[in-house]
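Colleague: need coordinates for the below:
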Amino acid sequence: MSEEMEALDKAKEAAEEGKERKHLAPVSITIATLAVFVAIVSLLGHRAHTEEILMQNKATDTWAYYQAKGVRAKNLEALDELLAAMDGKNAEKAKQADEHFKADAAGYKDDQKKLFDKGKEFESKLEEESRRADFYDLAEVFLEVALVVTSITLLTGNRRYWHLGMALACVGIVIAVRGFLVH
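Modeller: Next up, the predicted model:
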């Protein structure tokens with residue numbers, strides 16, 4: 001949040017500077033507006049990174065559960081093979097255990113298929129959030145630079161810096177909108 005506070009401080013300074021030099025009032029308004037955009041994009045970036053971490057955790061948990069189901073299925077298959085290899089006294093009881101193990105193992109494999117699809121879905125969402133966060137980070141950089149370049153106008157009185165700052169801000173805004181539209 002310190003970046004946002006710095007941006008707002010810059011906006012306040014620019015507003016006070018604009019009071020003294022009326023011909024630079026549009027520059028001061030631009031700086032204040034840029035400070036707001038920086039704060040918004042910074043917040044969106046933080047939220048995208050948080051969502052990215054949550055999706056990573058969900059994907060990791062799903063893959064761990066997927067592996068656990070596979071281990072359980074393999075254990076039951078091994079027990080089934082062991083029962084088949086044993087020459088027991090109660091063939092009926094061995095047959096019931098065999099059917100039970102086969103049914104459980106099949107259930108675990110079905111669960112694994114569902115978990116595989118769910119894991120892939122979480123990975124897809126993770127990639128999406130990662131791309132979104134990258135766009136917001138890049139947009140924030142452009143908006144911060146635009147804010148600084150535009151501020152130079154107040155020091156020099158040269159409006160070319162203001163125009164360059166607005167151009168950089170437009171690039172930053174387009175990148176932020178692109179991040180918002182990531183699917």
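Colleague: rest of the way, CA atoms for contacts and neighbours
Modeller: OK.
Colleague: would you agree residue 41 is in contact with residue 142?
Modeller: No: the criterion here is C-alpha atoms under 8 Å, and residue 41 misses it with residue 142 at 10.6 Å.
Colleague: of these two, give the one with the bigger neighbour count.
Modeller: The neighbour count for residue 41 versus residue 142, taken as other C-alpha atoms under 10 Å, is higher for residue 41 (26 against 23).
Colleague: residue contacts, that one?
Modeller: Counting by C-alpha atoms under 8 Å, 6 or more residues apart in numbering, residue 41 makes contact with 136, 137, 139, 140, 176.
Colleague: these two touch, right, the last one and residue 143?
Modeller: When you say that, I think you mean residue 176. No: assessed by C-alpha under 8 Å, residue 176 is found out of contact with residue 143, at 9.7 Å.
Colleague: the two - which one has more neighbours?
Modeller: Taking neighbours as other C-alpha under 10 Å, residue 176 and residue 143 compare with residue 143 leading, 31 against 27.
Colleague: after the lengthiest helix in the chain, which helix or strand is next? Please name it.
Modeller: With secondary structure taken from DSSP state H, the chain has its longest helix at helix 91-156. Counting by DSSP states H and E, the element after helix 91-156 in chain order, helix or strand, is helix 159-180.
Colleague: okay, now residue 99: neighbour count?
Modeller: 13.
Colleague: for residue 135, give its distance to residue 117.
Modeller: 27 Å (C-alpha to C-alpha, to the nearest Å).
Colleague: neighbour count winner among the two?
Modeller: residue 135 (24 against 12).
Colleague: give me every residue that touches the more buried one.
Modeller: Contacts of residue 135 by C-alpha under 8 Å, 6+ apart are 175, 176, 178, 179.
Colleague: so the last one touches residue 130, yeah?
Modeller: Spelled out, that is residue 179. No: taking C-alpha under 8 Å as the definition, residue 179 is not a contact partner of residue 130, at 10.0 Å.
Colleague: and the two? Which one has more around it.
Modeller: Higher neighbour count among residue 179 and residue 130: residue 179, with 25 against 19, using other C-alpha under 10 Å.
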